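# next input, structure requested:
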Amino acid sequence: MAVIDTGVYLKGERVAAGLLPEEAIAEARRVHGVVWIGLHQSDAEELRRVGELLQLHPLAVSECLRGHQRAKLEHFGDQTFLVLQPARYIDESETVEFTEIGVFVGPDFLVTVHVEGDSEVVDVPRLRERLEAHPEVLIRGSYAGLWAILESMMHLYLPVADGVENDIDEIEEQLFNRDVGVSHRIFKLQREVIDLQHATSPLVDMLDRLQQIVAAASGRTDAPVFRDLDDRARHLVARISGFRHTLDNALTVDATLADQARNEEMRRMTETSLEQSDQVKKISSWAAVGFAPTIIAGIYGMNFRFMPELDQWWGYPFALSLMVAASTTLYFVFKKRGWL
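Presented below is the predicted three-dimensional model:
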C-alpha cells in the first residue's frame, strides 16, 4: 500500500510531514501530538504494519482489507472504525459512482485508507491541507479530521441528489408523453437510487453514535458539529427515500398506462373483428340469397327427357316464381336476424 501522506499535529499545527508511517507515529508520541496517515491501494502488509504500530483492532483491519463493505461504524474501546462511501453522479450515464474509504480513529491518530474507487472523489491530502488553515479545528484532535472527511462527503452527496432529482423530473415528463424507453430508464435509475440508499441510510445511526463517542472522548455532554452532520444526514436519507418512492410510483403509473394502451388496442382489435364478422355475415347472406335461384336454375337446366313441367305452359313462370320466392324468403330471414 503506497503511503499518500503523513502528518504530525500538535495543538492544531503541523510539526512534521512526509515521514514514513513508523517515523510519524514515533514523532507524534514523542511530542504527544496526533498523527494522520493516508494510505492508498490495497496492500495487506503495509496496513498490517501500521495496525501493529498503532495497535489497531485486528477485526477492523481485516474488514478494511476485505473491502466491498457497506457504510458502517464499529467501536473498539478507545478506537473507532468507519467505512464511508462518498459518491458522485455521472449525468451522462445516469449512474452513481461510489468510493470506499476506511477510517481508523483513536485518541492520537487518524488513518484513512482508500479501499476502492476514484481517490479524487474525496482528496484526503488536499482536504487536510485546507484543514491546516484552520488550527482552531485541528486543535480538537483526531476527531476533527474525521469531521472534515464526513463534512466533505456530505457536501458531495448534494449534487448527487440534485442529479437524481433532475432525472426523475425528466422521467415524469417522459411518462405522460408515452416515451417507449421510459420503463428501462426508470429501472436503471431505481437501481442507482437503491445503491445510494444503501450508502446513506446507515449514516444517521453512525452519526448518532459518533456524537456519543466524541462527547465522551472530549468530556462534554454533546458534539454540536457532529449533530449538525446528523441533521443533514437525516434530510439526505429522507430525500433519497422520497426518490425511491417516486420511482416506485412511476413504475406503477407506467404499468397502468401500458395496460390502458393494451386494453385500447384490444378494444380496437375487437371492434375490427366484429366489423369483419358483420361483413362476412352480409356476404354470406347475399351469397345464400343468390344461391337459391342458382340451384333451381341448375335443376331446370339439366337435359333430362322426362321433366313434366317442361311440357306445360306454366312451367317457366313456375320456375321463376320459385326462384323469387326462395330468394325473398331468405332475404327476410336474414334481415330479421340482422345479417343484412
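
# where do the helices sit along the stretch 101-250 of the chain?
Taking DSSP state H, counting those that start in this stretch as the test, the helices found in the stretch 101-250 of the chain are 124-132, 135-138, 142-176, 182-200, 203-218, 224-300.

# of these, give the one that comes closest to residue 72.
helix 203-218 (7.0 Å; CB to CB). In short, each C-beta sits where N, CA and C put it, glycine included.

# what sits up against the closest one?
71-73, 75, 78, 80, 82, 107, 140-141, 143, 146, 150, 221-223, 226-227, 229-230, 233-234, 236-237 (CB atoms under 8 Å, 6 or more residues apart in numbering).

# buried ones in it?
Residues 203-204, 206-207, 209-211, 213-215, 217 are the ones in helix 203-218 that count as buried (16 or more other CB atoms under 10 Å).

# for stretch 257-272, same thing?
Here stretch 257-272 shows no buried residue, counting by 16+ other CB under 10 Å.

# that older thread, pipe the helices of the stretch 101-250 of the chain into CSV and attach distance to residue 10 per row.
Shown next, in CSV, are the helices of the stretch 101-250 of the chain (distance: least, CB to CB, whole Å):
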stretch, distance to residue 10
helix 124-132, 12
helix 135-138, 10
helix 142-176, 13
helix 182-200, 35
helix 203-218, 18
helix 224-300, 21
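
# as CSV, the ones you listed with distance to residue 33 and mean pLDDT would be great.
As requested, the helices of the stretch 101-250 of the chain are exported to CSV (distance: least, CB to CB, whole Å; pLDDT from 0 to 100):
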stretch, distance to residue 33, mean pLDDT
helix 124-132, 13, 76
helix 135-138, 10, 78
helix 142-176, 10, 90
helix 182-200, 33, 91
helix 203-218, 16, 90
helix 224-300, 21, 82
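
# which one of these lies nearest to residue 99?
The nearest among the helices of the stretch 101-250 of the chain, by CB to CB, is helix 142-176 at 9.2 Å.

# so which of the helices of the stretch 101-250 of the chain comes closest to residue 54?
helix 142-176 (11.0 Å).

# list the buried residues of the closest one.
142-154, 156-157, 160-161, 163-164, 167-168, 171, 174-175.

# quick one, phi psi at residue 141?
Main-chain dihedrals, residue 141, degrees, to the nearest 10: phi 100, psi -160.

# same question, residue 69
Dihedral pair for residue 69: phi -100, psi 150, per degrees, to the nearest 10.

# the one 4 residues further on now?
Recorded main-chain torsions at residue 73 are phi -130, psi 130, according to degrees, to the nearest 10.

# again with residue 6
Torsion angles, degrees, to the nearest 10, at residue 6: phi -140, psi 150.

# cool, residue 33 as well?
Dihedral angles (degrees, to the nearest 10) for residue 33: phi -110, psi -160.

# and for the one 3 residues further on?
Taking degrees, to the nearest 10, you get phi -120, psi 120 for the backbone angles of residue 36.

# what separates it from residue 123, distance-wise?
To residue 123, residue 36 is 14 Å away according to CB to CB, to the nearest Å.
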